[in-house]
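> here is a sequence together with a model predicted from it:
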Amino acid sequence: MHIAILTLTFSLPGCGSLKEKRHRMGGLHARFGNTPSVAVCESGERDRHDASEWTFVIVGLSKREVESQYSQIEEKIERTVDARVMNIEREFI
């Protein structure tokens, strides 16, 4: 069993409210939280309008499987979220 943590930090330029922030982040929890091998939460910058941090915990039978999930998550976020990815941290436990 392999467990990894993926943390993404976002910048939301021009975002003026928490409501707009939720709209621009586009329901990351709903999109990725339904995957059995992924847990997701907003882990930082919760009270800031112009920034957000999200953490994904990914579980898989092989390191390759987990790395594939990383890539899928990152690609989908880049296509669907109206924010700039400022930092990506990956950690295997």
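That came through, no problem.
> now the helices: where do they sit in this protein?
When assigned using DSSP state H, the helices of the chain occupy the ranges 18-25, 28-32, 63-80.
> will you turn these into a markdown table that also has distance to V57?
C-beta coordinates here come from the backbone N, C-alpha and C atoms, glycine included. Below are the helices of the chain laid out as a markdown table (distance: least, C-beta to C-beta, whole Å):
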| stretch | distance to V57 |
| --- | --- |
| helix 18-25 | 18 |
| helix 28-32 | 11 |
| helix 63-80 | 10 |
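> list the buried ones in stretch 14-31?
Using 16 or more other C-beta atoms under 10 Å as the test for burial, stretch 14-31 gives C15, K21, R24, M25, L28, R31.
> export those residues to TSV and tack on pLDDT?
Output for the buried residues of stretch 14-31, formatted as TSV (pLDDT from 0 to 100):
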residue	pLDDT
C15	89
K21	88
R24	85
M25	83
L28	80
R31	80
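> nearest to S37, of these?
Taking C-beta to C-beta as the measure, S37 lies nearest R31 of these, at 14.1 Å.
> quick check: the closest one vs T80, distance?
Relative to T80, R31 is positioned 8 Å away (C-beta to C-beta, to the nearest Å).
> go on, F10?
Using C-beta to C-beta, F10 is found at 12 Å from T80.
> for the helix or strand of the chain with the lowest mean pLDDT, packing partners?
When each helix and strand of the chain is scored by mean pLDDT, DSSP states H and E, helix 28-32 comes last, with a mean of 80. Secondary-structure packing of helix 28-32 (3 or more C-beta pairs under 8 Å, 6 or more residues apart in numbering; DSSP states H and E): strand 38-44, helix 63-80.
> near the closest residue to H29 other than its chain neighbours, how many other residues are there?
Closest residue to H29 apart from its sequence neighbours, by C-beta to C-beta, 6 or more residues apart in numbering: V40 at 5.5 Å. Using other C-beta atoms under 10 Å, V40 has 20 neighbouring residues.
> could I get the contacting residues of V40?
L28, H29, F32, G33, W54, T55, F56, V57 (C-beta atoms under 8 Å, 6 or more residues apart in numbering).
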